[in-house]
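Undergrad: here's a sequence, model it:
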Amino acid sequence: MKLATISEKTFSRVERGDADLEIGGAAGLDIARVGEITFLANPKYTPQIKATKASAIFLNETERIERSDIAVLRTKDPYLAYTRALRLFNPAPGFAPFIHPLSSIHETARVAADVSIDAFVSIGKNCVIESGVKIYPNATIYDNVKIGSNSLIHSGVAVRENCEIGANCIIHNNAVIGSDGFGYAKDENKSWLKIPQTGTVILEDDVEIGANAAIDCASVGETRIKRGAKIDNLVQIGHSCTIEEDALICAQTGLAGSSVIGKRVILAGQVGIAGHLRVGDDAVVTAKSATSHDVENGKIISGIPAFDNRDWLRSIAAFRRLGELARAVRDLQKRLAEKDDLD
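TA: Residues are numbered from 1 along each chain as shown. Next up, the predicted model:
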């Protein structure tokens, strides 16, 4: 692919180099080879430019490099441009329509003609599988499920009864969509009585669910993951939660029931969100943090319990000096005691 074409497709401009230069792939600075394009988004990786073998590089509008033998593409966001280049060189694989004879599809299911369904897939009663869907082996689709066009269901996935998957969704291996919510009432004998979980899970368009994630259905009503949300591996989303558009939830995060996660929120790894809370739009909860209160729009919080990230950083800096401060206090107490003895 010519450098000029990459420039056009990644919304960048060729500042230096031959626009007809052929580029065959994209890779990071440390592993890029001759004929590939790379990027610099973090200044701490600048020293790697001296040794990179890449033939071209995405740079922001102000970054300067000493080497003159590398073609330069200027862009506002080098990482975004590089991502678009990767997508150009690694398009999603197509498939020929195919239904494996060892799959099990209920006679009442409505399955589009141009789908791919592999061996040992089970599709239940009254399901709707729309155009362009691919389902890998050993996936289980319960009754009354709808899967929207061009969605991808990897092996081992279970989509429980009455759930709805939108268009262009990706569900990775062994994720479970619509498992029972964790709901129990204590009876007169102090034993746990299971609350029927009769609701559903709805994934809107362009949602991606990571491997081994679990999204519980609501007791009544719905658990909803809205358009463009991205859920990492090993995430637990409790019953009746709502994840707003373009939220990003990282690995090992857990959401208790009826949580509402706002638009473009980032929950970093191992975050805990208590039940019935709202995390406001554009908020960030940093890794290993937990909150038991609502979070304002745009707020960055850290810690357990989580509070403002800047205050948390100052607290951590003080915590590191606790030993030194304790010694200083003991020395001060000792001197005061000696002074009292002299008096």
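Undergrad: quote the end-to-end distance of stretch 232-239.
TA: Start-to-end span of stretch 232-239 (Cα to Cα, to the nearest Å) is 18 Å.
Undergrad: domain ranges for the chain, per the record?
TA: Using automatic domain parsing, the domain parsing of the chain gives 3-89, 98-307, 311-342.
Undergrad: so where's the stretch 201-343 of the chain shaky on pLDDT?
TA: 342-343 (pLDDT under 70).
Undergrad: and the domains of the chain as JSON lines, adding mean neighbour count?
TA: Quick note: C-beta positions are derived from backbone N, CA and C, even for glycine. JSON lines is the format used below for the domains of the chain (neighbours: other Cβ atoms under 10 Å):
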{"stretch": "domain 3-89", "mean neighbour count": "17"}
{"stretch": "domain 98-307", "mean neighbour count": "19"}
{"stretch": "domain 311-342", "mean neighbour count": "10"}
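Undergrad: now residue 315, what's its secondary structure?
TA: helix (DSSP: H, G, I helix; E, B strand; the rest coil).
Undergrad: got a list of what it touches?
TA: Residues in contact with residue 315 (Cβ atoms under 8 Å, 6 or more residues apart in numbering) are residue 303.
Undergrad: would you map the helices across the stretch 51-200 of the chain?
TA: Applying DSSP state H, counting those that start in this stretch to the stretch 51-200 of the chain gives helices spanning 78-89.
Undergrad: now the terminal residues of stretch 136-150, how far apart.
TA: Using Cα to Cα, one end of stretch 136-150 lies 13 Å from the other.
Undergrad: also stretch 99-116?
TA: 6 Å.
Undergrad: what does stretch 216-233 give?
TA: Start-to-end, stretch 216-233 (Cα to Cα) is 15 Å.
Undergrad: quick one: residue 250 and residue 267 touch, right?
TA: Yes: counting by Cβ atoms under 8 Å, residue 250 does reach residue 267; the two are 6.2 Å apart.
Undergrad: residue 184 - nearest residue in space that isn't next to it in sequence?
TA: Excluding its sequence neighbours, the residue lying closest to residue 184 (Cβ to Cβ, 6 or more residues apart in numbering) is residue 192, at 4.0 Å.
Undergrad: beta partners for the one you found?
TA: residue 186 (DSSP bridges).
Undergrad: next one: it from residue 90, what distance?
TA: 49 Å (Cβ to Cβ, to the nearest Å).
Undergrad: repeat for residue 110
TA: 33 Å.
Undergrad: do the same with residue 193
TA: Counting by Cβ to Cβ - residue 193 and residue 90 are separated by 51 Å.
Undergrad: contacting residues for residue 59?
TA: 39-40, 65, 72-75, 78 are the contacts of residue 59 under Cβ under 8 Å, 6+ apart.
Undergrad: tell me how far it lies from residue 78.
TA: Distance from residue 59 to residue 78, by Cβ to Cβ: 6 Å.
Undergrad: shared neighbours, those two?
TA: The contact sets of residue 59 and residue 78 overlap at 39-40 (Cβ under 8 Å, 6+ apart).
Undergrad: contacts for the helix or strand containing residue 333?
TA: For residue 333, the element it lies in under DSSP states H and E is helix 322-342. The contact list for helix 322-342 (Cβ under 8 Å, 6+ apart) reads residue 318.
Undergrad: now it, how far from the chain's geometric center?
TA: Centroid separation for helix 322-342 versus its chain: 51 Å, with Cα atoms, centre = their mean, to the nearest Å.
Undergrad: export that helix as PDB, just CAs?
TA: Coordinates of the C-alpha atoms in helix 322-342 are reproduced here as PDB (Å, rounded to 0.1, in the frame of the first residue of the first chain):
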ATOM      1  CA  LEU A 322       4.900   7.700  57.500                       C
ATOM      2  CA  GLY A 323       8.000   5.800  58.900                       C
ATOM      3  CA  GLU A 324      10.100   9.000  58.700                       C
ATOM      4  CA  LEU A 325       7.400  11.100  60.200                       C
ATOM      5  CA  ALA A 326       6.900   8.600  63.100                       C
ATOM      6  CA  ARG A 327      10.600   8.700  63.900                       C
ATOM      7  CA  ALA A 328      10.500  12.500  63.800                       C
ATOM      8  CA  VAL A 329       7.600  12.500  66.200                       C
ATOM      9  CA  ARG A 330       9.400  10.100  68.600                       C
ATOM     10  CA  ASP A 331      12.500  12.300  68.500                       C
ATOM     11  CA  LEU A 332      10.400  15.400  69.200                       C
ATOM     12  CA  GLN A 333       8.700  13.600  72.100                       C
ATOM     13  CA  LYS A 334      12.000  12.500  73.500                       C
ATOM     14  CA  ARG A 335      13.400  16.000  73.400                       C
ATOM     15  CA  LEU A 336      10.300  17.500  75.000                       C
ATOM     16  CA  ALA A 337      10.600  14.900  77.800                       C
ATOM     17  CA  GLU A 338      14.300  15.700  78.300                       C
ATOM     18  CA  LYS A 339      13.400  19.400  78.400                       C
ATOM     19  CA  ASP A 340      10.700  18.700  81.000                       C
ATOM     20  CA  ASP A 341      13.200  16.800  83.100                       C
ATOM     21  CA  LEU A 342      15.600  19.800  83.000                       C
END
